[in-house]
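Undergrad: Could you work out the structure for the sequence below:
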Amino acid sequence: MRIWVAALVLILIVTAAITIKLLVRRNAPEGGWFTDSSRSAGTLSLIGTMFAVMLAFVILFALQSYQRARNGSSVEAIAVAELDSIAEVFQPPAGDRLHDGLVCYARAVVEDEWPAMRNGRASDLVQSWIDKVGHEFAVADPHGVREETAYAQWFDEQAQRREGRRERLAEASPQVPLPLWFVLCIGASLTLAYMAAQADRREGVLVQSIPIGFFSAMVTAALLVVFFLDHPYTNETGGIAPTEMQRTLTLIDNGSDMTCDERGVPRSS
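TA: Residues are numbered from 1 along each chain as shown. Predicted coordinates:
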């Protein structure tokens, strides 16, 4: 969600909450609708506490999802760099083919899969390079102790790369389920409605507007944060960018001719 859209949503909801309370205040009897102000305040405190606990739980859940996405991206990028170091141990042409495939894989992740993840999808292009690298490694014939040791290490780093990508892709789809969003919206609406029902004509407009304005702003901002954390690959400030994989590319891409272009798309033969 773009920042200006989030700001507009925040302003609209705060304005609506204040307007509703002032309309209720205009029609409220002298002293308000509640005859026992202490009991109504206690009820509001209970409702607000229940909603706050639920909201805190959802924010923590979404934050963990966001962190898993960041960690998965980092693990994958480090594993690709390690795989390229292992590929250098193999003699040409096997080592060159593995290096070529890893560079193209990294390019495809940055240029093709990252935009796709914003729509909750994986990249067929990236998968094609995974298959190609796997095939090249399968036909590699290690010679000597050094290559045999590298051959065994390849499986460990490949598992790390696979796990990092799996974790990264798993967080591309929203993790907060729709029923939980429904409960959050109902909780926020009921709390705001109860605050509006506490309108009192004896108090000034500003005094009546400040509490519900502050509360609606905080609740809306918190829900927007949950939405942002639940969409970690958004192309906005704070979104997870392919920074780690780009760093890996600077390490392994020496600028030599590859079988793919800068976007990881195979060149026509």
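Undergrad: Count the residues that sit near Ser209.
TA: When neighbours are defined as other CB atoms under 10 Å, Ser209 has 18 of them. In short, each C-beta sits where N, CA and C put it, glycine included.
Undergrad: repeat for Ile86
TA: The number of residues near Ile86, taken as other CB under 10 Å, comes to 23.
Undergrad: can you check Pro177 too?
TA: Per other CB under 10 Å, the neighbour tally for Pro177 reads 9.
Undergrad: And it, how close does it get to Ala6?
TA: Pro177 sits 22 Å away from Ala6 when distances are taken as CB to CB, to the nearest Å.
Undergrad: dump the residue contacts of the residue sitting furthest away from the middle of the chain.
TA: Computed with CA atoms, centre = their mean, the residue of the chain farthest from its C-alpha average is Glu30, at 49.3 Å. Neighbouring residues of Glu30 by CB atoms under 8 Å, 6 or more residues apart in numbering: 201-202.
Undergrad: and it, helix, strand or coil?
TA: Of the three states, Glu30 takes coil according to DSSP: H, G, I helix; E, B strand; the rest coil.
Undergrad: Begin at 785 from now on, thanks
TA: New numbering, starting at 785: the last item is Glu814.
Undergrad: separation between it and Arg986?
TA: Distance from Glu814 to Arg986, by CB to CB: 7 Å.
Undergrad: Give me the pLDDT for the residue nearest the centre of the chain.
TA: Per CA atoms, centre = their mean, the C-alpha nearest to the average position across the chain is that of Pro1016, at 1.6 Å. Per-residue pLDDT puts Pro1016 at 92.
Undergrad: Helix, strand, or coil at it?
TA: coil.
Undergrad: quick one: contacts for it?
TA: By CB under 8 Å, 6+ apart, the contact set of Pro1016 is 849-850, 853-854, 955-956, 1023-1024.
Undergrad: Setting aside sequence neighbours, what's the nearest residue to it?
TA: Ala853 (4.2 Å; CB to CB, 6 or more residues apart in numbering).
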